[in-house]
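> Below is the sequence, then the predicted model.
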Amino acid sequence: MPERVNLLGLPRTGLEAFCSELGSKPFRARQLMNWLYKRGEHRFEHMSDLARDFRALLAERAEVELPEIVTAQQASDGTRKWLLRADASQAFEMVYIPEADRGTLCISSQVGCALDCSFCSTAQQGFNRNLSTAEIVGQVWLANRELGFHPGGARIVTNVVLMGMGEPLANFRNVVPALHIFLDDLGFDLSRRRVTLSTSGLVPQIYKLAQETNVALAVSLHAPDDALRSQLVPINRLHPIAELLEACWHYIDERNGRSVTFEYVMLADVNDSPAQARALARLLAGRPAKVNLIPFNPYPGTPYRRSGEAAIARFRDELIRAGVIATTRRTRGDDIDAACGQLAGRVIDRTIVRLGERIKTAQTARTARAAL
Ligand code: SAH
């Protein structure tokens, strides 16, 4: 029997092609998307306006598989975090951050990460694998369900940021179709300004992205000069700052965007001096750029410390004085390790250890999975 196709992995064009392949009309794709994304229904037998034999065919050839929840946690500030299973021994995370005027879901694009940024806990576990399009889309679908979305109700996830585990542009092939489903009016119907892709700076892929989509772009800059940035974000050795910035301005021109958000993690005595703020301002002043300062979130074993509040305020004020829009990101969910850069470290380690213990006694991978 052929493997079933997970419909969450197909953007509109793919779903139309799939319906044709099943001998059905492409407009069935619209009906399917309506059930999947507007009504939050994933059971074919409940899709009442689809012909019975088409539903039977779907049951045979297709599925709507969601990532399985391993654990769910809620922080004292209302931030929620889910650990989702990738396979028997690997898991990835997503975080929901409720605010007065919006609900932001921070999703993962890979299990682990290969980019090796020196201050990031995801980097410490190395790279495991790319998430599929269905696993990326499935995060938003699942969060909506877990947060109580119902058809006709108010939107709960209003913003999606690809700022969880992984480097989204290193998983370009699976990420781009997911972006299309986020923006499609038959899909999650999010506005392009409410979907943000954050990258550590894969320059060729930024140019490619400009041909594919117009979502908001965030770039992890973290240093005003190449010597320091190459230490913090090793991909800089391949694509230095000047090249990266050129790609950013190209993206804005090409996609008619407003500005690129530059993320800048505040590390005490590393990148947080007023002189470094002025150097950063020289790179960005007069450009379509905003800076988002992220207080460093520590994790076990890191040599870095968070900059003090006064240093962060001073850095921000230097930028503003030089004409650069700058804000400081409020830390959310740190009591459950859900803050920026904290994803996966400890929780994944614990999962692996527990799983390892179980595998020792389990007969097969299948019983190991069942034991989790
Ligand atoms: N790989 C992408 C997506 C990750 S987004 C990227 O690099 O942009 C997560 C953001 O949090 C990035 O800006 C990342 O540099 C930052 N970050 C990583 N570790 C952090 C930590 N320990 N404290 C604060 N921010 C961190």
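Okay, I see it. Residues are numbered from 1 along each chain as shown.
> So which residues of the stretch 101-250 of the chain form strands?
In the stretch 101-250 of the chain, the segments counted as strands under DSSP state E, counting those that start in this stretch are 102-106, 110-112, 127-130, 159-162, 195-199, 216-220.
> can you redo these as TSV with mean pLDDT, mean neighbour count and distance to Arg330?
To be clear about C-beta, it is placed using only N, CA and C from the backbone, and glycine gets the same treatment. Formatted as TSV, the entries for the strands of the stretch 101-250 of the chain read as follows, by pLDDT from 0 to 100; neighbours: other CB atoms under 10 Å; distance: least, CB to CB, whole Å:
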stretch	mean pLDDT	mean neighbour count	distance to Arg330
strand 102-106	96	20	12
strand 110-112	92	24	26
strand 127-130	90	18	30
strand 159-162	98	23	14
strand 195-199	98	21	16
strand 216-220	98	22	16
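> Save those as CSV, and put in distance to the ligand too.
Listed next are the strands of the stretch 101-250 of the chain as CSV, based on distance: least, CB to the nearest ligand atom, whole Å:
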stretch, distance to the ligand
strand 102-106, 8
strand 110-112, 8
strand 127-130, 11
strand 159-162, 6
strand 195-199, 4
strand 216-220, 4
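> near the ligand, which residues of the stretch 1-150 of the chain show up?
Contact residues, the stretch 1-150 of the chain versus the ligand (CB under 6 Å from any ligand atom): Cys117, Phe119, Cys120, Ser121.
> rerun that using 5 Å as the cut-off
Cys120 (CB under 5 Å from any ligand atom).
> and the residue of the stretch 1-150 of the chain nearest the ligand?
Cys120 (3.5 Å; CB to the nearest ligand atom).
> How many residues are close by that residue?
Residue neighbour count, defined by other CB atoms under 10 Å, stands at 25 for Cys120.
> With the one 3 residues further on instead?
Neighbour count for Ala123, taken as other CB under 10 Å: 22.
> picking that back up, with distance to Tyr96 added, can I get the strands of the stretch 101-250 of the chain in JSON lines?
Listed next are the strands of the stretch 101-250 of the chain as JSON lines, based on distance: least, CB to CB, whole Å:
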{"stretch": "strand 102-106", "distance to Tyr96": "5"}
{"stretch": "strand 110-112", "distance to Tyr96": "19"}
{"stretch": "strand 127-130", "distance to Tyr96": "23"}
{"stretch": "strand 159-162", "distance to Tyr96": "10"}
{"stretch": "strand 195-199", "distance to Tyr96": "15"}
{"stretch": "strand 216-220", "distance to Tyr96": "18"}
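> closest to Leu66 out of those strands?
Leu66 lies closest, by CB to CB, to one member of the strands of the stretch 101-250 of the chain: strand 102-106, at 14.4 Å.
> Can I get that closest one in PDB? Just the C-alpha atoms.
Extracted in PDB, the C-alpha atoms of strand 102-106 (Å, rounded to 0.1, in the frame of the first residue of the first chain):
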ATOM      1  CA  ARG A 102      -2.200  39.400  20.200                       C
ATOM      2  CA  GLY A 103      -1.200  35.800  20.600                       C
ATOM      3  CA  THR A 104       2.200  34.900  19.200                       C
ATOM      4  CA  LEU A 105       3.200  31.300  18.500                       C
ATOM      5  CA  CYS A 106       6.900  30.700  18.300                       C
END
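> Within its sheet, name the partner strands of it and how each one runs.
strand 90-99 (antiparallel), strand 159-162 (parallel) (DSSP bridges).
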